[in-house]
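> With the input below, show me the fold.
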Amino acid sequence: MGGEGASSSGGGFRARIDHYLYSGEKKHVVAGIAIFAAIFGVPWYLMTRGAKHDSHQDYVERANKARSDRLSSGQPSSLKE
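The predicted structure follows:
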């Protein structure tokens, strides 16, 4: 592997990547799954940590409360800023 096709621009690297992608070897498949999981899992974890996921019912209750508060204030919403 080392030095074969090194004179062509990136030929050795491309051949090695093609081998990893298309070989179907168990260790390459596991490595691919791990890389895929890291690429998508790390950002997902960082975005969702500490975030409280509310149900749709919670959202509807908050919207109804905000609507009733707005309507009970007696001031038209067009005049509010």
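> If you average pLDDT per helix and strand, which one of the protein comes out bottom?
Least confident helix or strand, the chain: helix 11-22 with a mean of 88, by mean pLDDT, DSSP states H and E.
> Distance from the chain centre to that one, please.
27 Å (C-alpha atoms, centre = their mean, to the nearest Å).
> for stretch 57-66, same thing?
Worked out by C-alpha atoms, centre = their mean, stretch 57-66 lies 28 Å from the chain centre.
> Please point out which parts of that stretch sit buried.
Residues of stretch 57-66 classed as buried by neighbour count (16 or more other C-beta atoms under 10 Å): none. C-beta here means a position set from N, CA and C on the backbone, and glycine is covered the same way.
> 899 is where my numbering starts, stick with that
All right, first residue 899 from here; so that's stretch 955-964.
> List of residues touching that stretch?
Here stretch 955-964 makes contact (C-beta atoms under 8 Å, 6 or more residues apart in numbering) with no residue beyond itself.
> CA-only coordinates of the helix or strand following the least confident helix or strand of the chain in PDB, if you can.
Using DSSP states H and E, the next helix or strand after helix 909-920 towards the C-terminus is helix 924-946. Provided in PDB are the C-alpha atoms of helix 924-946 (Å, rounded to 0.1, in the frame of the first residue of the first chain):
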ATOM      1  CA  LYS A 924     -16.600  -6.300   8.800                       C
ATOM      2  CA  LYS A 925     -14.000  -3.900  10.400                       C
ATOM      3  CA  HIS A 926     -14.600  -1.400   7.600                       C
ATOM      4  CA  VAL A 927     -18.300  -1.600   7.900                       C
ATOM      5  CA  VAL A 928     -18.100  -1.100  11.700                       C
ATOM      6  CA  ALA A 929     -15.700   1.800  11.200                       C
ATOM      7  CA  GLY A 930     -18.100   3.400   8.700                       C
ATOM      8  CA  ILE A 931     -21.000   3.100  11.100                       C
ATOM      9  CA  ALA A 932     -19.000   4.600  13.900                       C
ATOM     10  CA  ILE A 933     -17.900   7.600  11.700                       C
ATOM     11  CA  PHE A 934     -21.500   8.100  10.500                       C
ATOM     12  CA  ALA A 935     -22.800   7.900  14.100                       C
ATOM     13  CA  ALA A 936     -20.200  10.500  15.300                       C
ATOM     14  CA  ILE A 937     -20.900  12.900  12.400                       C
ATOM     15  CA  PHE A 938     -24.700  12.900  13.200                       C
ATOM     16  CA  GLY A 939     -24.700  11.900  16.800                       C
ATOM     17  CA  VAL A 940     -22.400  14.500  18.300                       C
ATOM     18  CA  PRO A 941     -24.300  17.500  16.900                       C
ATOM     19  CA  TRP A 942     -27.600  15.900  17.900                       C
ATOM     20  CA  TYR A 943     -26.400  15.300  21.500                       C
ATOM     21  CA  LEU A 944     -25.100  18.900  21.700                       C
ATOM     22  CA  MET A 945     -28.400  20.400  20.500                       C
ATOM     23  CA  THR A 946     -30.600  18.300  22.700                       C
END
